[in-house]
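*Asks:* Kindly return the folded structure for what I paste below:
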Amino acid sequence: MSQPVETLPAIKVPRSLPPTVTRFRPPKKNIPQTKPERDRFLRVIRNYVARENPIPPMPVEELDVHARRILAELGYENDDTYLHYTAVCLNNEMWRETLAAIPFERRLLLMPKCLRVQDKCPAPFDEFGLLCKQCGLCSIQDFQNEAERLGYAVLVAEGSAIVMSLIQTGQIEAIVGISCLPVLERTFPYVEAAAIPSIAVPLLQDDCINTTVDIDWVWEYIHLTSDDQTRRLDLTGLHEEVRTWFSPESIEQIMGPADGRQEEIAREWLARDGKRWRPFLTVAAFQALRADSGQPIPDDLRKVALATELFHKASLIHDDIEDEDFSRYGQPTLHAEHGTPIALNAGDLLIGEGYRLIVECAAAPVVKTAMLLIAAEGQRELCRGQGAELLWAREPQALKSSQVLDIFRLKTAPAFEVALKLGAAYAGRLDEVASVLEEYSENLGIAYQIRDDMDDLGADAGDNQLEKLRPSVLLALARERTKGSDHDTLTALWSHQGENADLASIRTIVHESGSDEKCLLLLETYKATAIRALADLEDANLKGLLRRVMGKIFNDLEIKGWCREFEEKNGVTREENS
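*Replies:* Numbers count the residues shown, from 1 in each chain. Below you'll find the model as predicted:
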């Protein structure tokens with residue numbers, strides 16, 4: 001049987017594994033342990049700086065006073081565990097706007113040599129520090145290449161003498177640095193005395209070997225520029241505001257009163273749970289491209305944003321029926337609750353309502369036409385992707401990882417593209433950014449689906465996931481990387497003949513074949529490719545916002561642990577599952 005998928009365009013995979021993939025090392029106890037918790041610290045600190053307006057440079061004693069106030073807001077009153085970490089992050093945020101106004105070519109990126117994989121790093125040293133050989137084993141290469149592309153001077157070295165000498169030449173006016181907390185504490189007096197704007201991203205470990213850093217933070221600070229008028233935009237606040245639009249009251253306000261029980265059922269489904277990423281992306285794209293930046297979100301834009309979620313929720317109703325799934329959001333699916341005919345009709349109704357809202361918005365006729373075409377093309381691509389999966393399900397057999405990724409491209413990426421393009425069209429800027437949004441959305445959508453794919457076989461997945469297996473890049477990679485009985489087990493699973501397989505044993509096969517780490521690398525690759533699509537984008541607002549959107553979406557998602565740290569924590573071994 002020929003597979004109903006197309007060939008995935010070749011995408012260059014970086015040689016480097018992201019540090020989070022190659023080394024599962026927890027942060028030191030004086031640094032928040034998880035990415036969401038570190039991001040929470042940063043949000044509270046940024047709100048504090050916006051409210052109190054502390055002025056840098058600030059003596060360390062005064063910095064500690066402010067840091068303790070912030071810790072009290074975070075629930076750590078009379079607890080100094082994160083005092084120095086909070087002080088460093090606070091100092092960063094005080095300098096943030098000053099740094100944004102300094103040209104890239106007047107900045108220095110300073111990295112420590114301990115970011116390298118010490119026992120494998122081929123790079124030599126000279127009097128200025130490490131000379132990266134671009135081997136791809138650590139994050140130094142990626143940070144250096146991007147910073148130099150922007151115009152930074154870059155050093156991979158420790159010690160204040162060389163940095164101070166560069167500052168004294170007058171060529172360097174700001175520093176973005178990466179370092180452990182002990183070194184930051186020792187160098188702070190020098191930086192304060194020089195009164196030079198300095199951003200310091202703390203390493204997650206401080207044992208001077210094979211360390212890691214919050215990559216998203218480094219990426220954001222490297223690219224910080226005053227040309228981006230959206231840099232102060234609170235994406236978390238924006239996302240929370242969008243989510244309030246899906247209460248029953250807000251839905252009625254935007255869409256008008258429901259007419260009859262069928263509409264009520266459809267709207268009840270619309271109001272049920274969901275991340276609301278698609279309407280968030282529509283609003284975010286508009287905010288970046290609008291001519292009157294800084295103004296409130298137009299009420300009329302809510303119709304367009306709501307339409308993206310109507311299309312998405314309709315697709316979920318139809319998917320659940322086609323896949324014979326009876327649970328979603330921890331509740332019965334719509335067809336399980338109301339029967340297939342009513343559920344089908346509700347999905348069709350939501351699609352129609354999405355088109356109605358687009359037509360009823362206050363945009364110019366030519367813009368409405370463009371938006372309707374965007375939605376229609378997205379619907380077509382979505383159906384092609386779902387159709388490929390459904391045709392495969394009639395005669396299931398093992399797929400190559402490239403074939404699975406192509407299904408992801410057709411099935412998931414169009415929804416993100418539609419959302420972003422509708423926001424750009426409403427802002428009147430679609431033509432100039434359409435091609436970039438297409439490439440960005442394709443890679444974002446594939447990355448998102450890979451994350452979902454891993455989650456489906458994660459610690460919280462039910463055993464029935466194996467009974468109704470859908471095309472999985474994780475299992476495709478595992479089958480490609482195994483031989484013998486493991487290969488046979490996965491082949492049978494693909495053909496829906498793995499009755500004796502259980503989730504724990506499959507998880508072990510995946511882990512021992514290295515497919516979990518390969519899948520994480522693939523996830524990071526598509527995320528990075530999405531970011532690279534922005535390289536030639538001239539609009540600084542859209543470029544900066546979409547870069548942060550990527551971090552926002554994936555920071556809010558949790559890959560349920562079943563990789564190395566999960567198995568070590570829970571004592572999972574091959575012998576236990578054999």
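
*Asks:* Show me what the mean pLDDT comes to for stretch 295-302.
*Replies:* Average pLDDT, stretch 295-302: 90.

*Asks:* start to end distance for it?
*Replies:* The first and last residues of stretch 295-302 sit 15 Å apart, counting by CA to CA, to the nearest Å.

*Asks:* contact partners of that stretch?
*Replies:* 241, 245, 254, 282-283, 286-287, 361-363, 423, 426 (CB atoms under 8 Å, 6 or more residues apart in numbering). Every residue, glycine included, has its C-beta placed from N, CA and C.

*Asks:* Could you list the buried residues of it?
*Replies:* 298, 301-302 (16 or more other CB atoms under 10 Å).

*Asks:* hmm, back to that, what is the nearest of the contacts of stretch 295-302 to L474?
*Replies:* Nearest to L474 among the contacts of stretch 295-302: T282, at 30.2 Å, using CB to CB.

*Asks:* hang on, the closest one is in a helix, isn't it?
*Replies:* Yes: the assignment for T282 is a helix, going by DSSP: H, G, I helix; E, B strand; the rest coil.

*Asks:* which residues does it contact?
*Replies:* 301, 304-305, 308, 419-420, 422-423, 426.

*Asks:* I222 now?
*Replies:* 109, 143, 146-147, 150, 152, 176.

*Asks:* go on, Q449?
*Replies:* When the contact criterion is CB under 8 Å, 6+ apart, the partners of Q449 are 408, 411-412.

*Asks:* name the element it belongs to?
*Replies:* For Q449, the element it lies in under DSSP states H and E is helix 430-456.

*Asks:* one step back: so among the contacts of stretch 295-302, which ones count as buried?
*Replies:* Taking 16+ other CB under 10 Å as the criterion, what is buried in the contacts of stretch 295-302 is 245, 254, 282-283, 286-287, 361, 363, 423, 426.

*Asks:* Filter those down to the ones in strands?
*Replies:* Among those, no residue falls in strands (DSSP state E).

*Asks:* Nearest to Y448 among these?
*Replies:* Using CB to CB, those come closest to Y448 at T282, 15.9 Å.

*Asks:* Domain-wise, how is the chain divided?
*Replies:* 31-223, 235-577 (automatic domain parsing).

*Asks:* So which residues of the stretch 351-500 of the chain form strands?
*Replies:* In the stretch 351-500 of the chain, no strands are defined using DSSP state E, counting those that start in this stretch.

*Asks:* go on, the stretch 201-350 of the chain?
*Replies:* Counting by DSSP E, counting those that start in this stretch, residue ranges of the strands within the stretch 201-350 of the chain are 327-328, 331-332.

*Asks:* Let me know which of these is the nearest to G354.
*Replies:* Of all the strands of the stretch 201-350 of the chain, strand 327-328 comes closest under CB to CB, at 19.5 Å.

*Asks:* Would you give the sheet partners of the closest one, along with the direction of each?
*Replies:* strand 331-332 (antiparallel) (DSSP bridges).

*Asks:* Give me the below-cutoff pLDDT ranges for the stretch 351-500 of the chain.
*Replies:* Filtered on pLDDT under 70, the stretch 351-500 of the chain yields the residue ranges 458-468, 497-500.

*Asks:* host element of the nearest residue to R46 once chain neighbours are set aside?
*Replies:* Leaving out its chain neighbours, the residue that sits closest to R46 by CB to CB, 6 or more residues apart in numbering is E93, at 5.5 Å. Under the criterion of DSSP H and E, E93 resides in helix 83-100.

*Asks:* Quick check: buried residues in that helix?
*Replies:* 83-96, 98-100.

*Asks:* ok, now stretch 314-326?
*Replies:* For stretch 314-326, the buried set under the neighbour-count rule, 16+ other CB under 10 Å, comprises 314-321, 325.

*Asks:* which residues sit against that stretch?
*Replies:* Here stretch 314-326 has contacts from 269, 328, 332-336, 340, 343-344, 346-351, 354, 382, 386, 390, 415, 468, 470, using CB under 8 Å, 6+ apart.

*Asks:* Out of these, list just those in helices.
*Replies:* 269, 334-336, 340, 343-344, 346-351, 354, 382, 386, 390, 415 (DSSP state H).

*Asks:* got the phi/psi numbers for L110?
*Replies:* With angles defined as degrees, to the nearest 10, L110 sits at phi -120, psi 120.

*Asks:* What's opposite the residue nearest to it when sequence neighbours are not counted in the beta bridge?
*Replies:* Of all residues not flanking L110 in the chain, G177 sits nearest, at 4.1 Å (CB to CB, 6+ apart). Counting by DSSP bridges, G177 is bridged to L110, A200.

*Asks:* G177 contacts I196, doesn't it?
*Replies:* No: G177 is beyond contact range of I196, at 11.0 Å (criterion: CB atoms under 8 Å).

*Asks:* Which one's more surrounded, those two?
*Replies:* Using other CB atoms under 10 Å, the more surrounded residue of G177 and I196 is G177, with 23 against 20.

*Asks:* okay if I get the buried residues of stretch 295-302 as TSV plus distance to Q205?
*Replies:* Shown next, in TSV, are those (distance: CB to CB, whole Å):
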residue	distance to Q205
P298	47
L301	44
R302	45
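
*Asks:* just checking, which of those belong to helices?
*Replies:* 301-302.

*Asks:* Let me know the closest of the buried residues of stretch 295-302 to G544.
*Replies:* Closest to G544, out of all of the buried residues of stretch 295-302 and judged by CB to CB, is L301, at 20.3 Å.

*Asks:* How much space separates that closest one from V433?
*Replies:* Distance, L301 to V433, by CB to CB, to the nearest Å: 17 Å.

*Asks:* Quick one: the contacts of T282 as a markdown table, columns for distance to R51 too.
*Replies:* Listed next are the contacts of T282 as a markdown table, based on distance: CB to CB, whole Å:
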| residue | distance to R51 |
| --- | --- |
| L301 | 28 |
| V304 | 33 |
| A305 | 29 |
| T308 | 33 |
| A419 | 32 |
| L420 | 32 |
| L422 | 34 |
| G423 | 29 |
| Y426 | 32 |
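
*Asks:* got the angle between the helix or strand containing L545 and helix 83-100?
*Replies:* Using DSSP H and E, L545 falls within helix 540-555. Relative orientation of helix 540-555 versus helix 83-100 (axes from the mean of the first three to the mean of the last three CA atoms, to 10 degrees): 160 degrees.

*Asks:* Grab the nearest non-local neighbour of L523.
*Replies:* I450 (4.7 Å).

*Asks:* burial count for that neighbour?
*Replies:* For I450, using other CB under 10 Å, the count is 26.

*Asks:* Equivalent analysis for E480, please.
*Replies:* Each residue near E480 was counted by other CB under 10 Å, and the total is 16.

*Asks:* Please name the residues that touch the residue lying closest to it once chain neighbours are set aside.
*Replies:* Leaving out its chain neighbours, the residue that sits closest to E480 by CB to CB, 6+ apart is S401, at 6.3 Å. Going by CB under 8 Å, 6+ apart, S401 touches 473, 476-477, 480.

*Asks:* Ranking by neighbours, what's the top pick from those residues?
*Replies:* For the contacts of S401, neighbours tallied by other CB under 10 Å; top is V473, 26 neighbours.

*Asks:* How are the helices of the stretch 1-150 of the chain distributed by residue range?
*Replies:* Taking DSSP state H, counting those that start in this stretch as the criterion, the stretch 1-150 of the chain contains helices spanning 19-22, 35-52, 60-73, 83-100, 140-150.

*Asks:* Which among the ones you listed is found nearest to D227?
*Replies:* helix 83-100 (8.6 Å).

*Asks:* Endpoint to endpoint, stretch 48-61 covers what distance?
*Replies:* End-to-end distance (CA to CA), stretch 48-61: 18 Å.

*Asks:* buried residues in it?
*Replies:* 48-49, 54, 56-58.
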